[in-house]
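Trainee: A predicted structure for the sequence below; I have some questions about it.
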Amino acid sequence: MKVFLITAVFVLLAVTACGSREVTRTETDTVTDLSGYWNDTDARIVADSIVDQCLHGRWFDVRTDRSDGRVAEVPVIVVGGVRNQSTEHINVDVFMSEIERSLLNSGEFLIAAGGAERDEVRGERRDQTIFASPSTAAEFGREVGADYVMTGTVNSIEDQADDTRAIFYQVNIELIDVETALKVWMGSTEIKKVIEW
């Protein structure tokens, strides 16, 4: 019985020791490349790069330099689906939010809600017609239509030999005119990582 009790105590201590770990809080803009896979830093870097390319693309100059002399309105963009075609799980919602943030913070674009967000807003508007006073209820038919939809893909290629792995990411983004369905701009950003262990 003593042997069983001593063994049980040692097992309990071993399990408790294995379960403890140290957690350190850090600034959210700190680069933490632990596994080498896609992370929050990659999403932020690519989003900023894509928006910078978009702002300096020919389409933007043509759109804002109108031949009729009128001042062009601020373009309204819906950030649509960015498909993950890589070899790993990438939360594209985080990436899309980073693009929206960067576009909006540039001061050159307005962002229209799309997809599930738009449905949620429309649901709230429907509810207001029933439950809110007429003087405060939001009206239907007052949405601002988007001029462009931004879509894209995240792709990756992995290569490994012995204890070294290389991952190449390519993010391709397109801006499509809603009225004409013409692609007015295309951008691409690449990231390459080498992981050794």
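Mentor: In hand now; what should we look at? Residues are numbered from 1 along each chain as shown.
Trainee: from what I can see residue 76 touches residue 150, true?
Mentor: No. In this structure, residue 76 is not within contact of residue 150 by Cβ atoms under 8 Å, at 11.2 Å. Quick note: C-beta positions are derived from backbone N, CA and C, even for glycine.
Trainee: Please tell me how far residue 93 sits from residue 181.
Mentor: From residue 93 across to residue 181, the span is 25 Å (Cβ to Cβ, to the nearest Å).
Trainee: any low-confidence regions in this structure?
Mentor: 1-5, 8-20, 62-72 (pLDDT under 70).
Trainee: Give me the spatial nearest neighbour of the residue most central in space within the chain, chain neighbours excluded.
Mentor: Among the residues of the chain, residue 95 comes closest to the average C-alpha position under Cα atoms, centre = their mean, at 1.4 Å. Excluding its sequence neighbours, the residue lying closest to residue 95 (Cβ to Cβ, 6 or more residues apart in numbering) is residue 43, at 4.6 Å.
Trainee: for residue 110, what are its contacts?
Mentor: 74-77, 104, 144 (Cβ atoms under 8 Å, 6 or more residues apart in numbering).
Trainee: Just give me the closest of those residues to residue 159.
Mentor: Within the contacts of residue 110, the smallest distance to residue 159 is 35.3 Å, found for residue 77 (Cβ to Cβ).
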